[in-house]
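> For reference, the sequence and a predicted model appear below.
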Amino acid sequence: MNFRSMGNRLGSLLMLAGLGTTSLVGCGTPDATDAAATAESQSESAPNTTDLDATAQNESKTPEPAQEPLPELPAGEAEDGGYTIAQVMQLAHDNKLYRRLFDQPADPEVIERMKLLYAELPKRQPPKGDPEQWQERSTALVEAVVAIEAGNEQGIAMLKRAANCSSCHGRHRES
């Protein structure tokens, strides 16, 4: 599609919307034929949407799709019946569930799920690396979710910092 046909198409759309048009090719100044065509098309076109009241305009908007309900959690595979580190990573990170906490207000069901999963991490021993650093990093995940739940403005930033995959994996994940 060349520029002239794009300009003509855009001009047609603007006229249909009742916004008029100017010459889209050349110097950008309207010419007499465009003004006459605009006036004629506006008189023949459908009523302008600015005449609708706010209620009618809001009703015409497409609603946002609802989030899918969370699937039921599987049984924990750790010796104490809780979730292993691998399960937490699969249930919270592989499917990007934790990212739903970035949407504000966060879904209370997602908050509860993430608190439950992240609370398992400090109970586990890391496959490698310093256990104290593991405790700090895994506790930071829990604290971030609690901050989001409390409405703390810093909660999302805390979660983004704490959920830095490469930083944690480099220190604690076996290759």
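Looks like it came in fine. Numbers count the residues shown, from 1 in each chain.
> When you work out contacts or count neighbours from here on, use the C-alpha atoms and nothing else.
Noted.
> Tell me which helix or strand comes right after the strand or helix carrying residue 146.
For residue 146, the host element (DSSP states H and E) is helix 131-149. Next helix or strand after helix 131-149 toward the C-terminus (DSSP H and E): helix 155-162.
> Against which helices or strands is that following helix packed?
Judged by 3 or more Cα pairs under 8 Å, 6 or more residues apart in numbering; DSSP states H and E, helix 155-162 is in contact with helix 131-149.
> Can you mark which positions in the helix it packs on are buried?
Neighbour-count burial for helix 131-149, counted by 16 or more other Cα atoms under 10 Å, picks out 134-135, 137-149.
> for the residues you listed, which one is nearest residue 121?
For the buried residues of helix 131-149, the minimum distance to residue 121 (Cα to Cα) is 5.7 Å, reached by residue 138.
> Wait, that closest one touches residue 124, no?
No. Taking contacts as Cα atoms under 8 Å, residue 138 lies outside contact range of residue 124: 9.6 Å.
> now the helices for this structure?
Assigned by DSSP state H, the helices in the chain fall at 3-16, 32-44, 54-60, 85-88, 108-120, 131-149, 155-162, 165-172.
> for the fourth one, packing partners?
Which is helix 85-88. Applying 3+ Cα pairs under 8 Å, 6+ apart, we find helix 85-88 packed against helix 108-120.
> list the helices and strands the helix it packs on packs on?
Using 3+ Cα pairs under 8 Å, 6+ apart as the contact test, the elements touching helix 108-120 are helix 85-88, helix 131-149.
> any residues touching it, and which ones?
The list of residues contacting helix 108-120 from outside it, by Cα atoms under 8 Å, 6 or more residues apart in numbering, reads 70, 82-85, 88, 91-92, 97-98, 100-101, 138-139, 141-142, 145-146, 149.
> can you rerun that using 7 Å?
Applying Cα atoms under 7 Å, 6 or more residues apart in numbering, the contact partners of helix 108-120 are 82, 83, 88, 92, 98, 101, 141, 142, 145, 149.
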